[in-house]
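In: need a 3D model of the sequence below.
(one chain, ligands or ions: 2)
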Amino acid sequence: MRKILAILFCILINLSVSYAQNCNTYVFSRNQKYATCVTLPVLNSHLHWNYYTNNGTVDVAFRHTGSTTSQWVAWALNIDGWGMRGAQALVALISSNGSVQAYTSAITGYGTGLQPSSLSFEVPMIRAERDNGDVVIYATLVLPSGKTTFNQVWQVGPVFNGHPGMHQMSSDNRNAVGLVDFTTGQISVDGGNVGGSRLHRKNTHGVLNVVSWGVAMPIGAIAARYLKAFSIANPLWFYIHSVCQAAAFAVGVAGFVTGIKLGSDSTGITHTSHRNMGITLFILGIIQVLALFLRPKPDSKYRSYWNIYHRGCGYSTLILSIIQVYSGLDILDPEKKWKHTYTGILIALGVVTVLLEALSWFIFLKRKKEEKKTHAETNGGYGANEQV
Ligand SMILES: *[C@@H]1O[C@H](CO)[C@@H](O)[C@H](O)[C@H]1NC(C)=O
Ligand SMILES: *[C@@H]1O[C@H](CO)[C@@H](O)[C@H](O)[C@H]1NC(C)=O
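Out: Residues are numbered from 1 along each chain as shown. Ligands and ions are numbered 1, 2, ... in the order given. Next comes the predicted model:
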């Protein structure tokens, strides 16, 4: 075991050294030298720089490997905010004939066309070139005074008729964001919040909620609706249903809390409708838990109203939960396979539901028939002791 760990450790060290070498040994065309280099985690990008403490300027070289013609690449600092909105970008536009044009663009919103504009800080020099499929943007930035750590974003997109088009929305595109510290040479990914990266927390939030609201609760609802039909399962169905939903709700609360925390920590895009839907679902969940305690006796005249209220809330929760899971999967945008997996689970639950529906009708009709028969046979015989 120790040997295996040692070997793994060696491999890890070697990998990281070769990774760093790939970054540091790169020879720039005019033989520029940069003291610091980091390989950015996504989109085949590297950032090289020299930071000058005396005048607070930084010479950067942003390098994207494997570029093609009709493509734009951009690297930006976001001085006050997070992510794309408000980013102060350096753009390189590779036209269809392979020529490269560099300019600055202050991005005001998501609908940007990356039009040339001046930035909120001075950029005394910017140029770009293409070299063996790498595109490099060189620039000198006069950093806003007193700051050396910034939010950075970088991106790659297509060029149509000489104009930058919208970039893709894959998880790599969405994760091309983080912090850069020009003095220490440290970068952190996706906010790097205390207690694990933000992406990790988003995944935890997703798993907790998919398992509870998205899967366990539908199963609890199916148990309530169909097990009731089989008299052997009475009152077992009731316990299965309450335990299922209570456990799902407990996990769901954890999922809800992580979601609210993610929302309040977020300095970037706010997913308002996802958040509001989450709060609505949480309230519906509490109402359903309360329903358990407020349940009138079976023979109470209020029981039928209670049934309508409990089932109404239940089915609404179910439908909204499923919509919410898909909305969450869209935000998180993991590999599409997760979305497909969830769809698969829903289809399986749907098939089970249809089978149980058919079976319960079959049992219901059979029982009806038998009852009729017994009724006919014992007519006048007062076989009331046979009633269950
Ligand atoms: C900042 O200082 C460095 C080192 O002294 C110098 O090479 C560079 O030209 C200065 N940059 C600007 C924009 O003044
Ligand atoms: C390549 O295209 C750009 C813009 O489309 C144009 O400005 C430039 O002159 C072209 N260069 C060559 C060598 O054709």
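In: quick one: secondary structure of Ser212?
Out: Under DSSP: H, G, I helix; E, B strand; the rest coil, the three-state class of Ser212 is helix.
In: tell me, how many residues neighbour it?
Out: If you count neighbours by other CB atoms under 10 Å, Ser212 ends up with 23. Backbone N, C-alpha and C define where each C-beta goes, glycine included.
In: same question, Gly146
Out: By the measure other CB under 10 Å, the count of residues near Gly146 is 6.
In: same check on the one 3 residues further on?
Out: Residues lying near Thr149 (other CB under 10 Å) number 14.
In: and it, what does it touch?
Out: The neighbourhood of Thr149, defined by CB atoms under 8 Å, 6 or more residues apart in numbering, consists of 179-183.
In: again, but for Tyr226
Out: Residues in contact with Tyr226 (CB under 8 Å, 6+ apart) are 353, 356-357, 359-360.
In: swap the cut-off to 6 Å and go again
Out: By CB atoms under 6 Å, 6 or more residues apart in numbering, the contact list for Tyr226 reads 356, 360.
In: what of His241?
Out: 220, 223-224.
In: mind checking which of the residues you listed land in helices?
Out: Among the contacts of His241, the ones falling in helices (DSSP state H) are Gly220.
In: now, which of the contacts of His241 sits nearest ligand 1?
Out: Nearest to ligand 1 among the contacts of His241 is Gly220, at 65.2 Å by CB to the nearest ligand atom.
In: ok, that closest one - how many residues close by?
Out: Residues near Gly220, counting by other CB under 10 Å: 22.
In: for Thr184, give me phi and psi.
Out: Taking degrees, to the nearest 10, you get phi -90, psi -20 for the backbone angles of Thr184.
In: domains of the chain?
Out: Taking automatic domain parsing as the reference, the chain has its domains at 37-192, 197-373.
In: which strands and helices lie in contact with the host helix or strand of Leu47?
Out: In the assignment (DSSP states H and E), Leu47 maps to strand 45-52. Strand 45-52 is packed against strand 36-39, strand 57-64, with contacts defined by 3 or more CB pairs under 6 Å, 6 or more residues apart in numbering; DSSP states H and E.
In: and these, which is most packed in?
Out: Stretch with highest mean neighbour count among these: strand 57-64 (a mean of 22; mean count of other CB atoms under 10 Å).
In: just checking, next helix/strand downstream of that strand?
Out: Going down the chain from strand 57-64, the next helix or strand is strand 71-78, by DSSP H and E.
In: partner strands of that next one and their direction?
Out: Take DSSP bridges as the rule and strand 71-78 pairs in its sheet with strand 88-94 (antiparallel), strand 149-160 (antiparallel).
In: shaky segments in the chain?
Out: Across the chain, the ranges flagged by pLDDT under 70 are 1-22, 190-199, 231-233, 265-270, 333-336, 377-388.
In: and the lengthiest helix in it, how far from the chain's centre?
Out: Counting residues, the longest helix found in the chain (DSSP H) is helix 336-377. Relative to the centre of its chain, helix 336-377 is centred 34 Å away, using CA atoms, centre = their mean, to the nearest Å.
In: re the thing from before, buried residues, the strand holding Leu47. List them.
Out: Neighbour counts over strand 45-52 (16 or more other CB atoms under 10 Å) mark 45-51 as buried.
In: nearest to ligand 1 among the residues you listed?
Out: Asn50 (8.3 Å).
In: just list whatever residues bridge to that closest one.
Out: Asn50 has these beta-bridge partners by DSSP bridges: Asp59.
In: what distance do you get for Asn81 to ligand 1?
Out: That one is not Asn; residue 81 is Gly. Using CB to the nearest ligand atom, to the nearest Å, Gly81 is found at 25 Å from ligand 1.
In: can I assume that residue sits in a strand?
Out: No: assignment of Gly81 by three-state DSSP gives coil, placing it outside any strand.
In: how many other residues sit next to it?
Out: 12.
In: ok, now Val243?
Out: The burial count for Val243: 12, using other CB under 10 Å.
In: over to Leu227?
Out: With other CB under 10 Å as criterion, Leu227 counts 20.
In: now it. Nearest residue, chain neighbours left out?
Out: For Leu227, ignoring the flanking residues on the chain, the nearest one in space by CB to CB, 6 or more residues apart in numbering is Trp237 at 3.4 Å.
In: measure that neighbour to Ser304 for me?
Out: Using CB to CB, to the nearest Å, Trp237 is found at 19 Å from Ser304.
In: same check on Trp75?
Out: 65 Å.
In: list, one by one, the residues from the stretch 101-250 of the chain near ligand 1.
Out: Applying CB under 6 Å from any ligand atom, we find that the stretch 101-250 of the chain lies next to ligand 1 at 124, 140.
In: residue numbers of the stretch 101-250 of the chain in contact with ligand 2?
Out: For the stretch 101-250 of the chain, the residues in contact with ligand 2 (CB under 6 Å from any ligand atom) are Gly162.
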